[in-house]
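*Asks:* build me a model:
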Amino acid sequence: MRVLPYGPSALLVELDSVDQVRAVHSALHEAYRAGRLPDVVELVPAARTVLVAVRPGSSDLHAARAELSAVPLDRPPPAPSGPPLIVPVHYDGADLELVARTANCSSAEVVSMHTGGVYTVAFCGFSPGFGYLTGLPAPLRQPRLDTARPEVPTGSVGIADEFTGVYPRASPGGWRLIGRTEMTLFDPSAQPPAALAPGRRVRFRAAS
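*Replies:* Numbers count the residues shown, from 1 in each chain. Predicted coordinates:
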């Protein structure tokens, strides 16, 4: 773990893995809920970092450093609580056959593996409401496409490296597409607008 100053009211915590990110984010969030970090205004996890922002002039940056020193990075992060969000998927993606060939299995086995996992939102980014979900079975951990598509349709379900996710709106993208969902995962008029947030659990179900 490397803790860097990030302006006068924030810290950037650099880590080695997404599991460490989840552990640090979970520990700091719990400290905030317990009242030990009352002036924290934002905790932003990413692939290998966590940004900790506090109210200007607060002493919580010092308290955050103390909390960080007690995070056990050599143990798995705590399992998220609460029921998972169920996302129905039509498994007819443009890259389903490519994923199956790369995994040396059938398309049906790809669907079985993808629906068999319980995923956790590690962080959000790229576009509003886009969650990077961990928990992908090893055979499905495949690289991005060599050339990104100029537009990926809304609701497309894809995989890339150690993550799976859903494109909440049409955008360019290089993930391997295995299906699509009709569920709305980002609605600016809803409260909250995004259905996915760090720590949320997700399961995919094959739509009929």
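*Asks:* what's the helix with the most length in the chain in contact with?
*Replies:* In the chain, with assignment by DSSP state H, the single longest helix is helix 18-33. Under the contact criterion Cβ atoms under 8 Å, 6 or more residues apart in numbering, helix 18-33 has outside partners 1, 13, 15, 37-38, 40, 43, 45-50, 52, 63-64, 67-68, 70-73, 75-78, 120, 122-123, 134, 162, 198-199. C-beta coordinates here come from the backbone N, C-alpha and C atoms, glycine included.
*Asks:* and with 7 Å instead?
*Replies:* Residues outside helix 18-33 that contact it (Cβ atoms under 7 Å, 6 or more residues apart in numbering): 13, 15, 37, 40, 43, 45, 47-48, 50, 52, 64, 67-68, 71, 73, 76-78, 122-123, 134, 162, 198-199.
*Asks:* swap in stretch 66-80?
*Replies:* Residues contacting stretch 66-80 (Cβ under 7 Å, 6+ apart): 1, 3, 13, 19-20, 22-24, 26-28, 31, 36-37, 120, 199, 201.
*Asks:* and stretch 62-82, how far out from the chain's middle?
*Replies:* 17 Å (Cα atoms, centre = their mean, to the nearest Å).
*Asks:* and it, C-alpha only, in CSV?
*Replies:* C-alpha atoms of stretch 62-82 as CSV (Å, rounded to 0.1, in the frame of the first residue of the first chain):
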residue,chain,number,x,y,z
HIS,A,62,-4.8,11.8,9.7
ALA,A,63,-7.5,9.5,11.0
ALA,A,64,-7.8,7.9,7.6
ARG,A,65,-4.1,7.1,7.6
ALA,A,66,-4.6,5.4,11.0
GLU,A,67,-7.5,3.3,9.6
LEU,A,68,-5.5,2.3,6.6
SER,A,69,-2.6,1.0,8.7
ALA,A,70,-5.0,-1.5,10.2
VAL,A,71,-6.5,-2.9,7.0
PRO,A,72,-5.4,-6.6,6.5
LEU,A,73,-4.4,-6.6,2.9
ASP,A,74,-3.3,-10.3,3.0
ARG,A,75,-6.9,-11.5,3.7
PRO,A,76,-9.8,-11.6,1.3
PRO,A,77,-12.1,-8.6,1.6
PRO,A,78,-15.4,-9.1,3.6
ALA,A,79,-18.2,-10.6,1.6
PRO,A,80,-20.9,-8.0,0.7
SER,A,81,-24.2,-8.3,2.5
GLY,A,82,-27.7,-8.1,1.1
